[in-house]
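[1] Next comes the sequence, and after it the predicted model I'd like to discuss.
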Amino acid sequence: MEHTVYHEAMTQRQDDEAISLARRVADAIAAGDRDEAVRLTRQLEGRLTEPTEHRSSKGHMLDFAAPAAVVPMRKRPPSTRSGRQVVAGALAEIGVPCRARLLTDYAEARFDQRVEPRALAALRRDERRAWTKSNARPTYIVPALEGRFFQPVRGLLTLSDWPLERRILGPWSERADHLAATAQLARQLAWLSERDPAVAERLAPVVAGMAQSVPGALDGRDVDTARVESAAESELAPLTERDEPWRREASARARAQLTEEQQLWGASIGVVAEGDRQRGH
Amino acid sequence: MSTALEALFAGRIYESGSAMRRTTLRHTHLADPPLGIAIWRLGGERFRAAAIAWGPLGGPFELAVAGEPRNRDLYFAALAPFAADLCLRVRRAAESKVARRRGQRTDLIPAGALQIVVPNRTTVAALGLLGRYLAYLSDRSGVAPDPALIEAGKHLRFYARHARMPGQALLLPLDRLVAEHWATLLSPFEQSNLAALDAQIEPPAGTHAFDASVAAEGLARIGPEPTEDIDRATDALLAEFNAARAGSTDPAVAEGLSRPLRDHYRRLVEPVWQLMARVVTREQRIPAAPSVHRRFEGDREAFGRHVDWVADGGRYRTTDTPRQAAMSLRRLEDALGRYDAEKAVEDMACMVPYLLDGDAVRGVVVSVNEHRVVVRVRAVPRALMTLDTDDPVVLPVNKKVWWTVTADDYPWEVQRVQPHGHGSRITLMLGASPTPARLPGAGDRVTLSALHTRPDAYRLSPPQQPPWTHRPATPPTPPEPIDSGDAEAPAAPVDGATLPDPGRYA
Amino acid sequence: MGRQHRSRRRGRPAKGALMSRRHIRPDPGAGIALEHVRGRAPTIRPNVRRLAAFASVHSCPTAVVAFAARVDTNRVLAGTAAEMPYGQSPFAIGRGIAFEALLRRHGHAELRRVLTDGLGVDFSLAAIENLREGYQPNRTGLTLRASVTRTRMAEIASAPAEPIVLDGAVLRADIGGLPAFFEADEMAIGVGGEIIVGENKSWPVVDGRPTDEEALGAALDQAATYVLLGRRTLGEAGVDPGRVSGNAVLVTPRNTGLAPVLHRQNVDGRVRRVERLLRAVPEVSDIAAAIPLSVTFDRIADVSLPEEARFEAFAEVTDTLGRVYEPASCLTSCGFAWACRQCVFGAGDPAIAGGPVARALPGVASLGRVAELGRGAPASAAEAPAAVPIARAGRLYDEVMPASRPGDRRSA
């Protein structure tokens, strides 16, 4: 794996110059100075491609022109993100409707940031208020919607820029989403194991916890990410067959019936008069 | 049970303001002193004794408090002294043996047995569950649990099972002891509260038994299941304890931090302990009925067998096979029949319900004469008794009844019944040769009833088959451990006041 | 034969007044009358536990009125000595909550597993509709959930390919002319062509046997209620009610810990009992019409009044309506039991000692009189049948027992 070689090279050679360059690249990125970052990385590239005894036989070159996120760092700049940003970040990485508990556990492992439960409760309230005031943010943290009457499900959070299909819940959705999240986090964990073992070590128990309800995913104490991913995906496949059409149909209904606001924040059902019988679908 | 007698009791207790004795004698063995055990569980947790108090009744109790009983290490560390002490007492009690003759056989059975008393029947069930749990513990990461715990579990299981036997005295729930010997204004449901029972027996001067028991009910905390307010306090203390120990399962650490919880449970156990001692002392003053010894001998025999089996590494089935169940049921029924018969035959007060229901008669012997009667081929001597009863008699002809003095012998058969004065005059014939011991004298006041205590009529002897451990062909499947859940993290307590519908979780 | 009303017979409603009659719409007048009856007394929405408790005491006129008026008998006497303890340990509640959470976690993973293992049908692809989340915790939410439940239950007629499970199914019922909603823990639709009702409890099963017999009975009664209401719902939807299985499911932990196991038991007998009970619940409008205007729980619940005043109000109300006290039933089902017991004792009513004693004394008015008859007092013609055995009992007992102790007002 190409990244392994690079990682090894850095540690074994203790190349102070390269390390210093890498740090400066990071600072430049944090400061938003893209040009400087690109310049420094070209320097770094030059430094690292000098002949050494640890050069990889494959002659791999890292893709330094890639967006900043791909640059592997061992040390992150201190995060100044708010609780809201942390939650949104976690949601984005997991990619399916999530329970608050998973989000906070994930955030703590991944970003080394604690989000208090109280903060989450306030978040729901504040988010709605912010949306009502001005529609400024690119994404909002919105509740998932149950798929019959599109009422908000407060316990599950989603991002507003996700398509309705991903934010609506059908009978198979909760299980399917859990499996999808488990598979995704397993992949994430695999990637991080190379990049950032400290984070990987924190994340592994989170993944193990999620994998516990997936038959065949865990075998003993260690987390085998390939195994987890495979088990989750294979259970997920037949569920997706049922879940996706259902969500599509529900979304179509929702778009036909609901306003923009309701499609984000859910519908509230008015008082049902006494004696009302059939309602809904 | 005779409803007329129960009604009489209710009326008189209402009038007099205190409970009445049902019996003139005590029909249960009471050791001096018995071992008392009182437990408090953690709410809803049927395998977790948050506190166990034990000791010879009348003296101080020892108290085992685990702190966090849902943590296996802390729990077992706390239970260890209790288990060790219980095993020691059991073994000691079984040490000295005496010879017991039964027909041709002579067995060696323990001279005594460890008697355990608990406040109520719920505690019996709780100890049984605890025993089931402890007797078959699994290893945790290769570490075997303290063998004293396992042995203690086996003892507790035995005791709880044996407690089903009518008339037994090894594991005595005091609510039943008192209810059997005393009549109160409490309904059977209310009688499960030992404090309420006790209050009706000796109400404070000037207070009616009813009011005394109402007050006792309001105040009484007996266990094993804690009330909401008890566990609210436990919740607060346990939270502090868990925070302070910060995940440590070192018994020394726990010991240092568990003082507030120990005090909390000590305060809960004290009144129960005193109550138990008071109840037992009161009953000890009453003389024991003669058959108490016989029944306790049966208990000692079972106790001895159990101790031997445990020593041999013996195992029990968890549930009976259908055949075993049928046998057990039959033995239990027979034991109950015999127990009832012995009580009534030895204690005139216990005979009253049978007299009321027409299953017994009492009267004055008018005459006892010998006749020669042809039985099958030969003429044999038979006694005929004429009896004038106090009350009219409804016994059918040929009905067999036993004179209480010879209840373990042959019956008298009803020959004729005639009205006579306020009662009846009945003639009965003894179905055996008329030895002097079998005959009452003229002018004697006697009681005859359908109850008898012939030993061969009751299936009380142990099963003919040898015990499990001695049958090589079919080794018993050991019951499986039930402790897999011990590794789970405990559920967070939730106060009902915070919920819209706490009853949902009942 | 029916129960005998041992209260002082003042102003009791006429015998026929509480017979049930079918009404199409609840009478608004009844609503107002019941509000008056309630006063400030705390209320409780009828649920399956309340119904089961009511089943034990439904022959008591006071209990019937309290039930119809939705009065929470546990709370009316709050702050008095007659307040009965009714709450649960926070650890017990926490266990219950944790058990339910476990069943639902990760998209109902454990529920799927336990249903699969216990029913022999694969639930890993079952459509599990979560009716607990997203719906408002009020009548609107319940109505919607009931509607979804109805719709999905009716799908049994079209033989769904895979089982459907409703988590938090809601069944609507008419109790005495007023709507009530009952929440079943789970309902599996389409298992061998049947609908199976399930109830979760957090007390464990060990060696295949429940560790709490009493609680087992209560749980099965609850399940039976859901079976009955489920059948009615199907019937209303034009589907064969028999499709709701009489074999209900109990999901409890197994051994220590919370890992769930499924236990199936037939509840048809209990279903019949619940049905009889529901038929016996009088129409609210009938009750309201029959209650004298003086009857209200308001004063009893007034915490600003001294205890004696509140208790007196209780005694008056229950005297007017009628009391039927049976210790075993009342003490386990009704929050008025202690107060009632006090009244019963005050009247010297033999009911204090429990059913068999009360039943042994037809014609005898009080326990004081029983004591007299037990000493041989002459019995009237009405008392004679009961009196003869009592007198005999007294005589026999006195013969064997040592002389009475000091403190008895009369010696033997």
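    Perfect, thanks for sending it.
[2] Which residue is it, in chain B, that comes closest to chain C?
    Taking CB to the nearest CB, chain C has its nearest neighbour within chain B at residue B:485, 1.5 Å off. No exception for glycine: its C-beta is placed from N, CA and C like everyone else's.
[3] all strands for the stretch 101-250 of chain C, in order.
    Assigned by DSSP state E, counting those that start in this stretch, the strands in the stretch 101-250 of chain C fall at C:127-130, C:164-175, C:178-191, C:194-200, C:205-206, C:209-210, C:247-253.
[4] Which one, of these, ends up nearest to chain A?
    strand C:127-130 (3.3 Å).
[5] ok so, going back, what's near enough to touch the residue of chain B closest to chain C?
    Residues near residue B:485 by CB atoms under 8 Å, 6 or more residues apart in numbering or on different chains: C:253, C:255-259.
[6] Ok, residue A:157 next?
    By CB under 8 Å, 6+ apart, the contact list for residue A:157 reads A:87, A:91, A:97-100, A:103, A:141-144.
[7] helix, strand or coil for it?
    Following DSSP: H, G, I helix; E, B strand; the rest coil, the label given to residue A:157 is strand.
[8] got the phi/psi numbers for the nearest residue to residue B:41 once chain neighbours are set aside?
    For residue B:41, ignoring the flanking residues on the chain, the nearest one in space by CB to CB, 6 or more residues apart in numbering or on different chains is residue B:224 at 4.8 Å. Backbone geometry at residue B:224, expressed as degrees, to the nearest 10, gives phi -80, psi -10.
[9] does residue B:224 really touch residue B:122, like I thought?
    Yes: using CB atoms under 8 Å, residue B:224 is in contact with residue B:122, at 6.0 Å.
[10] Please report how far residue C:349 lies from chain A.
    Per CB to the nearest CB, to the nearest Å, residue C:349 is found 42 Å from chain A.
[11] Next up, the contacts around that residue.
    Contacts for residue C:349 (CB under 8 Å, 6+ apart) come out as C:6, C:325, C:358, C:366-367.
[12] Give me the most central residue, the chain.
    In the absence of a named chain, chain A is used. Geometric centre of chain A, nearest residue: residue A:93, 1.1 Å, by CA atoms, centre = their mean.
[13] um, chain B though
    residue B:172 (4.0 Å).
[14] is it fair to say that one lies in a strand?
    Yes: counting by three-state DSSP, residue B:172 falls inside a strand.
[15] wait, doesn't it sit right on residue B:114?
    No: under the criterion of CB under 8 Å, residue B:172 makes no contact with residue B:114, lying 11.6 Å away.
[16] For residue C:295, which three-state class applies?
    coil.
[17] got the domain boundaries for chain A?
    Each domain of chain A is listed here as a residue range: A:2-70, A:83-265, per automatic domain parsing.
[18] repeat for chain C
    In the domain annotation for chain C, the residue ranges read C:15-85+C:292-351, C:90-277, C:360-412 (automatic domain parsing).
[19] Least confident of these, on average?
    Comparing mean pLDDT across the domains of chain C, the lowest value falls on domain C:360-412: a mean of 82.
[20] Check whether the nearest residue to residue C:67 once chain neighbours are set aside sits in a helix, strand or coil.
    Distances taken as CB to CB, 6+ apart place residue C:54 nearest to residue C:67, at 4.9 Å, with adjacent residues excluded. Under the three-state scheme (three-state DSSP), residue C:54 adopts helix.
[21] For the nearest residue to residue A:100 once chain neighbours are set aside, identify the helix or strand it belongs to.
    With CB to CB, 6+ apart as the criterion, residue A:100 has its nearest non-adjacent residue at 4.9 Å, and that residue is residue A:120. When elements are assigned from DSSP states H and E, residue A:120 belongs to helix A:117-133.
[22] what do you get for residue A:231?
    helix A:225-257.
[23] mean confidence for that helix?
    The average pLDDT within helix A:225-257 is 96.
[24] Return the list of helices and strands in contact with it.
    When contacts are defined as 3 or more CB pairs under 8 Å, 6 or more residues apart in numbering or on different chains; DSSP states H and E, helix A:225-257 sits against helix A:164-167, strand A:168-169, helix A:173-195, helix A:197-211.
[25] mind listing what's buried in the last one?
    Just to be clear, that refers to helix A:197-211. Using 16 or more other CB atoms under 10 Å in any protein chain shown as the test for burial, helix A:197-211 gives A:199-200, A:202-204, A:206-211.
[26] And for the longest one?
    Within helix A:173-195, the residues that qualify as buried are A:173-186, A:188-190, A:192-193, counting by 16+ other CB under 10 Å.
[27] Distance of the closest residue to residue C:135 other than its chain neighbours relative to residue B:106?
    Nearest non-adjacent residue to residue C:135, counting by CB to CB, 6+ apart: residue C:141, 3.7 Å away. Separation of residue C:141 from residue B:106 (CB to CB, to the nearest Å) stands at 76 Å.
[28] ok, the two, which is more surrounded?
    residue C:141 (20 against 9; other CB atoms under 10 Å in any protein chain shown).
[29] give me the residue from the stretch 101-250 of chain C nearest chain B.
    Closest point on the stretch 101-250 of chain C to chain B, by CB to the nearest CB, is residue C:207, at 4.8 Å.
[30] Show the backbone phi and psi for that residue.
    Residue C:207 adopts backbone torsions of phi 50, psi 40, taken as degrees, to the nearest 10.
[31] Which parts of the stretch 251-400 of chain C are strands?
    So, for the stretch 251-400 of chain C - with DSSP E, counting those that start in this stretch - the strands run C:260-266.
[32] Indicate the residue of it located nearest to chain B.
    Ranked by CB to the nearest CB, the top residue of the stretch 251-400 of chain C for proximity to chain B is residue C:257, at 1.5 Å.
[33] Enumerate every residue touching that residue.
    Taking CB under 8 Å, 6+ apart, one finds B:484-488 in contact with residue C:257.
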